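Trainee: okay, structure incoming, though there's no sequence with it:
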Ligand SMILES: C/C1=C2N=C(/C=C3N=C(/C(C)=C4\N[C@@](C)([C@@H]5N=C1[C@](C)(CCC(=O)O)[C@H]5CC(=O)O)[C@@](C)(CC(N)=O)[C@@H]4CCC(=O)O)[C@@](C)(CC(N)=O)[C@@H]\3CCC(=O)O)C(C)(C)[C@@H]/2CCC(=O)O
Ligand SMILES: Nc1ncnc2c1ncn2[C@@H]1O[C@H](COP(=O)(O)OP(=O)(O)OP(=O)(O)O)[C@@H](O)[C@H]1O
Ligand SMILES: [Co+2]
């Protein structure tokens with residue numbers, strides 16, 4: 001349906017999604033030596049069960065914070081959740097979560113094993129050193 005400029009918020013209409021999962025497949029998470037992101041398995045899960053209306057899957061280059069390998073960000077109308085330190089089993093939990101959302105036709109809470117990996121991604125500006133002091 002074409003967008004009615006008087007109606008807010010604007011929403012994509014052709015490929016609507018309830019949420020979006022951005023999985024870091026960059027340096028520490030997915031690069032050489034750290035090829036820990038089961039990209040093929042995730043795509044298989046998403047394509048096999050047609051999960052992208054429930055959760056649009058994307059892979060990104062460096063998402064940070066790189067000291068934690070296995071980063072991902074989950075976006076939805078409820079806000080953003082950053083996850084760090086994902087291991088193989090956690091990626092399959094994410095696929096299971098997306099399948100559950102599709103089945104129940106709503107956003108479900110993340111399972112405890114994923115919530116345990118939730119990060120406060122952003123710094124307190126009062127504590128952030130924006131530039132290194134020259135010594
Ligand atoms: C237009 C388009 C569609 N994709 C659909 C559904 C799915 N796409 C997934 C994923 C992960 C990928 N899709 C790309 C192929 C990407 N999708 C497109 C494009 C924008 C254009 C395709 C085209 O014109 O033929 C395409 C990007 C491109 O420039 O080619 C993908 C390459 C995007 C990316 N960079 O990650 C990627 C391919 C991953 C892979 O290796 O297979 C989904 C898993 C959805 C998701 N992101 O969660 C899902 C998979 C569908 C499937 O292949 O079974 C639509 C069907 C909605 C749409 C196709 C529309 C059309 O063909 O007219
Ligand atoms: N539940 C499903 N069962 C079987 N096939 C599905 C299912 N969901 C999606 N598909 C397949 O995936 C394709 C894309 O589905 P989707 O509805 O997300 O996009 P679309 O609006 O059809 O895409 P476009 O119109 O851009 O081609 C469909 O044409 C269909 O082949
Ligand atoms: Co696509």
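Mentor: Alright, I've got the coordinates. Please read these numbers as outputs of a predicted model, since none were measured by experiment. Numbering: from 1, shown residues only. Ligands and ions are numbered 1, 2, ... in the order given.

Trainee: show me what counts as buried in the lengthiest helix in the chain.
Mentor: In the chain, assigned by DSSP state H, the helix with the most residues is helix 88-104. Using 16 or more other C-beta atoms under 10 Å as the test for burial, helix 88-104 gives 90, 91, 93, 94, 95, 97, 98, 99, 101, 102. Every residue, glycine included, has its C-beta placed from N, CA and C.

Trainee: what does stretch 115-131 give?
Mentor: Going by 16+ other C-beta under 10 Å, stretch 115-131 has these buried residues: residue 117.

Trainee: still on that earlier bit, tell me the helices and strands packed up against the next helix-or-strand element following the longest helix of the chain.
Mentor: For helix 88-104, the following helix or strand on the C-terminal side (DSSP states H and E) is helix 112-115. Applying 3 or more C-beta pairs under 8 Å, 6 or more residues apart in numbering; DSSP states H and E, one finds that helix 112-115 makes contact with helix 88-104.

Trainee: wait, does the helix it packs on contact ligand 2?
Mentor: No: remark: helix 88-104 sits outside contact range of ligand 2, by C-beta under 6 Å from any ligand atom, the gap being at least 8.9 Å.

Trainee: what does that helix contact?
Mentor: Outside helix 88-104, the residues that touch it by C-beta atoms under 8 Å, 6 or more residues apart in numbering are 18-19, 21, 23, 36-38, 41-42, 45-46, 49-51, 53-55, 57, 70, 72, 74, 83, 86, 107-108, 110-111, 113-114, 117.

Trainee: repeat for stretch 26-38
Mentor: 23-25, 39, 59-63, 66-67, 69-71, 87-88, 91-92.

Trainee: re the thing from before, give me the distance from the longest helix of the chain to the chain's centre.
Mentor: 12 Å (C-alpha atoms, centre = their mean, to the nearest Å).
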